[in-house]
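> sequence and predicted model, in that order:
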Amino acid sequence: MNLIYNSSWTLQDASGGYSEVPADSLDANGWVKSAPAGSKVIRYLAAPLNAGKFICRYQGNGTVNVTGSAVSNVTTSAGATRFSLAATYPNPQSATLSYAVDPANYIRNIDCREVSASATAYLAPEYLSALSPFRTIRFMKWQVATEGNWPVTWATRNKPGDGDYSRNDGVPVEIMVDAANEAGSDLFVTMPWNADDDYITKFATYVRDNLAANHRAYVEVSNEVWNGGYAVAAQAAKEAQAEGLASATGSGAAGALERYAEKTEQVMSIWSSVFAGQTTRLMRVASWQHVSPYYSNLLLQYMNLSRSVDALATAPYFGYEATGSMSLDQIMSALPGEVTSAVDSGVQQKAVAQKYGLRYITYEGGQTVVLAGNVPLELQVERDPRMHDAYQQFMTGWQSRIGDGLTLFALDGQIGQYGGWGLSEYVGQPLSQTPKLRAAYEFTGTKPGR
């Protein structure tokens with residue numbers, strides 16, 4: 001609901017140059033407490049779905065200014081800036097917040113939202129409406145430390161109302177739990193690799209005590225530790241080498257598999273202790289590469305990891321073979337075969353999970369067409385009605401041959417040179433323009449609404 005959480009702080013100096021705000025210029029809650037003379041603090045606001053009247057409330061000395069091509073009717077008073085925003089989707093235009101810093105009483109606790117909106121709600125009703133048809137919500141991309149390699153502690157975690165959710169551990173656990181409760185969904189969270197035991201214990205305790213009693217908590221360690229493209233994979237491999245673990249069984253990064261098994265066992269032991277007596281509310285997940293059932297089997301064997309988890313998860317994607325040199329029809333004609341191949345691999349992974357008496361689910365999945373350098377074709381592919389058919393085939397095939405949780409990545413996201421990962425391009429987009437999201441809603445037999 002608070003539009004400031006679209007971005008991080010930026011510093012504009014007297015000459016007009018831009019830089020990131022240094023960490024030592026932030027207070028304990030992430031607000032800018034100091035800045036060089038003549039400079040301004042900049043924050044780019046999220047573009048709301050609908051036009052309307054908005055207000056930024058804040059504490060401290062100074063005036064918060066809001067500018068931008070979609071901004072009008074700006075008025076300022078002590079502790080409040082009011083303005084109007086025009087509807088800008090499907091091409092959102094950013095509004096810019098700026099102010100000078102008074103170190104004696106710096107501006108803080110900034111909250112920018114619709115004038116008529118609840119002053120305390122975390123999430124916009126349009127967002128909750130879009131989430132409501134889904135049974136489980138995985139918050140991995142909200143948990144920015146999941147794929148990172150920096151220390152994570154409870155003392156330095158982000159809290160509701162802090163100045164920046166893009167640093168430290170990401171969106172506060174309170175907001176994720178609130179989102180799951182409001183949407184009526186199960187919660188799927190990922191524990192940062194470098195979180196200490198105290199953080200994991202207190203995070204799990206908050207989930208136990210605040211997630212609706214009729215919903216489950218899925219928990220996983222980091223994200224794609226098998227994927228050499230992530231810093232966490234390299235760290236896991238180095239830790240494995242330091243321990244003298246075997247290197248021949250790693251997938252993506254040598255030795256990461258064994259170290260991932262060790263870390264998962266450690267984290268799940270903590271969650272199991274916290275949820276003692278309530279384990280039916282907990283689903284402990286071990287994840288590995290979708291196309292490698294051989295490695296999934298090794299993972300579950302190592303240190304008897306299968307005894308510490310409840311489910312094996314992989315990420316079935318289709319569309320790898322598409323290239324920018326192919327025509328639209330060639331790409332769309334290839335998708336059905338790739339869907340079948342992804343489900344075939346899922347059948348093999350399910351057999352591995354069943355061998356150990358575990359559920360087999362996915363941590364993410366969907367189409368993965370990436371046509372770098374050919375954005376116009378990417379736009380055509382993602383918006384083509386045949387993508388709806390591919391998702392229908394994917395979901396019905398998964399249901400009939402696997403029969404357990406399929407997590408689609410992701411709810412929304414713009415289409416560009418790195419692909420189009422969102423089921424929609426933005427929350428609230430008309431379903432007639434979203435073949436993937438429309439297929440998902442049709443499959444679940446539901447529609448957005450609360």
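Looks like it arrived, so ask away.

> going forward, measure contacts and count neighbours with C-alpha atoms only.
OK.

> quick one, what contacts residue 74?
Residues near residue 74 by C-alpha atoms under 8 Å, 6 or more residues apart in numbering: 66, 81, 82, 83, 84.

> can you classify it by secondary structure?
For residue 74, the secondary structure call by DSSP: H, G, I helix; E, B strand; the rest coil comes out as strand.

> ok, it to residue 405 distance?
48 Å (C-alpha to C-alpha, to the nearest Å).

> could you do residue 193 as well?
24 Å.

> need the residues that contact the host helix or strand of residue 286.
Taking DSSP states H and E as the definition, residue 286 sits inside strand 282-287. With C-alpha under 8 Å, 6+ apart as the test, strand 282-287 has contacts from 216-221, 224, 264, 268, 272, 275, 308-314, 363.

> looking at the residues you listed, which are in helices?
If you go by DSSP state H, the contacts of strand 282-287 have 264, 268, 272 in helices.

> most neighbours out of the residues you listed, which is it?
residue 264 (24 neighbours; other C-alpha atoms under 10 Å).

> surely that one and residue 221 touch.
Yes: Residue 264 lies in contact with residue 221 (C-alpha atoms under 8 Å); the separation is 5.9 Å.

> one step back: counting by contacts, list what the helix or strand following the strand holding residue 286 packs against.
With elements assigned by DSSP H and E, the helix or strand that comes after strand 282-287 is helix 293-301. Packing contacts for helix 293-301, counted by 3 or more C-alpha pairs under 8 Å, 6 or more residues apart in numbering; DSSP states H and E, involve helix 256-274, helix 328-355.

> residue 43 is in what secondary structure piece?
Going by DSSP H and E, residue 43 is part of strand 40-45.

> run me through the strand neighbours of that strand, direction for each.
Using DSSP bridges, strand 40-45 pairs in its sheet with strand 10-12 (antiparallel), strand 95-99 (antiparallel).

> got the CA positions of the last one in PDB?
So the one you mean is strand 95-99. Below are the C-alpha coordinates for strand 95-99, written out as PDB (Å, rounded to 0.1, in the frame of the first residue of the first chain):
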ATOM      1  CA  ALA A  95       6.600   9.700  -9.500                       C
ATOM      2  CA  THR A  96       9.700  11.000  -7.600                       C
ATOM      3  CA  LEU A  97       9.800  11.900  -4.000                       C
ATOM      4  CA  SER A  98      12.600  14.200  -2.900                       C
ATOM      5  CA  TYR A  99      13.700  16.200   0.200                       C
END
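
> what sits against residue 35?
Neighbours of residue 35 in contact, by C-alpha under 8 Å, 6+ apart: 11, 25, 41, 101, 103.

> by neighbours, which of the residues you listed wins?
When neighbours are counted by other C-alpha under 10 Å, residue 101 leads those with 24 neighbours.

> confidence score at that one?
pLDDT recorded at residue 101 is 97.

> now do the same contact list for it.
32, 33, 34, 35, 40, 41, 62, 107.

> residue 241: which of those is nearest?
Residue 241 lies nearest to residue 32 out of these, by C-alpha to C-alpha, at 40.8 Å.

> just to revisit the earlier point, avg pLDDT for the strand holding residue 43?
In the prediction, strand 40-45 has an average pLDDT of 96.

> using PDB, list the CA coordinates for that strand.
The C-alpha trace of strand 40-45 is given here as PDB (Å, rounded to 0.1, in the frame of the first residue of the first chain):
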ATOM      1  CA  LYS A  40      18.700  15.800  -1.800                       C
ATOM      2  CA  VAL A  41      17.300  12.400  -1.000                       C
ATOM      3  CA  ILE A  42      15.400  10.800  -3.900                       C
ATOM      4  CA  ARG A  43      12.900   7.900  -3.900                       C
ATOM      5  CA  TYR A  44      11.000   6.600  -6.900                       C
ATOM      6  CA  LEU A  45       7.400   5.700  -6.000                       C
END
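
> next secondary structure after that strand?
strand 52-59.

> let me know the pLDDT of the residue lying closest to residue 186 once chain neighbours are set aside.
Nearest residue to residue 186, sequence neighbours excluded (C-alpha to C-alpha, 6 or more residues apart in numbering): residue 136, at 4.5 Å. Note for residue 136: predicted pLDDT of 97.

> which residues are in contact with residue 136?
With C-alpha under 8 Å, 6+ apart, residue 136 has these contacts: 185, 186, 187, 188, 407.

> let's go with 7 Å and repeat that
Contact analysis of residue 136 by C-alpha atoms under 7 Å, 6 or more residues apart in numbering lists 185, 186, 187, 188.

> would you mind measuring from residue 391 to residue 445?
14 Å.

> tell me the phi and psi of the nearest residue to residue 143 once chain neighbours are set aside?
Leaving aside its chain neighbours, residue 143 sits nearest to residue 170 (4.6 Å; criterion: C-alpha to C-alpha, 6+ apart). Main-chain torsions, residue 170, degrees, to the nearest 10: phi 100, psi -150.

> hang on, isn't residue 170 packed against residue 141?
No: proximity of residue 170 to residue 141 does not meet the contact threshold set by C-alpha atoms under 7 Å, at 8.6 Å.

> looking at those two, which is more packed in?
Neighbour count, other C-alpha under 10 Å: between residue 170 and residue 141, residue 170 has more, with 19 against 15.

> residues in contact with that one?
By C-alpha under 7 Å, 6+ apart, the neighbours of residue 170 are 142, 143, 144, 145, 158.
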